[in-house]
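[1] Sequence isn't available, so here's the structure alone:
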């Protein structure tokens with residue numbers, strides 16, 4: 001049996017930066033980015049190989065519930081209890097637009113070809 005140190009931990013790394021609950025995480029299709037959604041109203045981008053923060057996406061005015069990358073990795077969508085879905089350029093962090101109309105948006109998904117975006121919300 002291998003000798004295991006008393007302070008051993010199975011975690012490879014901890015990414016710290018959000019100051020509230022982290023509600024979702026997702027890797028980009030190429031695995032070079034990690035996005036996290038939080039109750040601090042932000043989305044953060046990370047380098048998963050180093051754990052370095054690559055930026056904070058601000059624009060939501062309430063709890064961010066979900067994030068997803070488009071299949072080609074060129075867009076990042078985030079949902080929030082502020083009743084919006086926001087689109088971002090993950091390379092630059094620039095906003096690419098805002099979709100409104102749902103109430104308390106919980107989830108979002110791109111179609112396989114990236115041409116459609118679906119959201120799920122409390123308004124049934």
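    Arrived safely, thanks for sending. What you see is a predicted model, and the numbers here were worked out from it, not measured in a lab.

[2] Skip the chain neighbours and tell me the closest residue to residue 71.
    residue 114 (4.6 Å; CB to CB, 6 or more residues apart in numbering). For the C-beta atoms, the positions are set from N, CA and C on the backbone; glycine is no exception.

[3] I figured that neighbour hits residue 70, correct?
    Yes. At 4.5 Å, residue 114 counts as touching residue 70 under the criterion of CB atoms under 8 Å.

[4] thinking again about what came up before, can you give me the neighbour number for the residue nearest to residue 71?
    Per other CB atoms under 10 Å, the neighbour tally for residue 114 reads 14.

[5] for it, what are its contacts?
    70-72, 74-75 (CB atoms under 8 Å, 6 or more residues apart in numbering).

[6] Filter those down to the buried ones and hand me the PyMOL line.
    Typed into PyMOL, the next command selects the buried ones out of the contacts of residue 114 (criterion: 16 or more other CB atoms under 10 Å):
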select buried, resi 70+75
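
[7] What helix or strand is the closest residue to residue 29 other than its chain neighbours located in?
    The shortest distance from residue 29 to any non-neighbouring residue, by CB to CB, 6+ apart, is to residue 73 (4.6 Å). For residue 73, there is no host helix or strand (DSSP states H and E).

[8] ok, now how distant is residue 73 from residue 106?
    As for residue 73, its distance to residue 106 is 23 Å (criterion: CB to CB, to the nearest Å).

[9] circling back to that earlier point, in terms of helices and strands, where is the residue nearest to residue 71?
    If you go by DSSP H and E, residue 114 is not part of any helix or strand.

[10] For residue 1, see how far away it is.
    Counting by CB to CB - residue 114 and residue 1 are separated by 49 Å.

[11] Give the bridge partners for residue 55, please.
    On the basis of DSSP bridges, residue 55 is bridged to residue 45.

[12] ok, it - contacts?
    Residue 55 makes contact with 44-45, 93 under the criterion CB under 8 Å, 6+ apart.

[13] Reformat the residues you listed as a markdown table; add pLDDT and distance to residue 57.
    Below are the contacts of residue 55 laid out as a markdown table (pLDDT from 0 to 100; distance: CB to CB, whole Å):
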| residue | pLDDT | distance to residue 57 |
| --- | --- | --- |
| 44 | 95 | 7 |
| 45 | 97 | 7 |
| 93 | 94 | 6 |
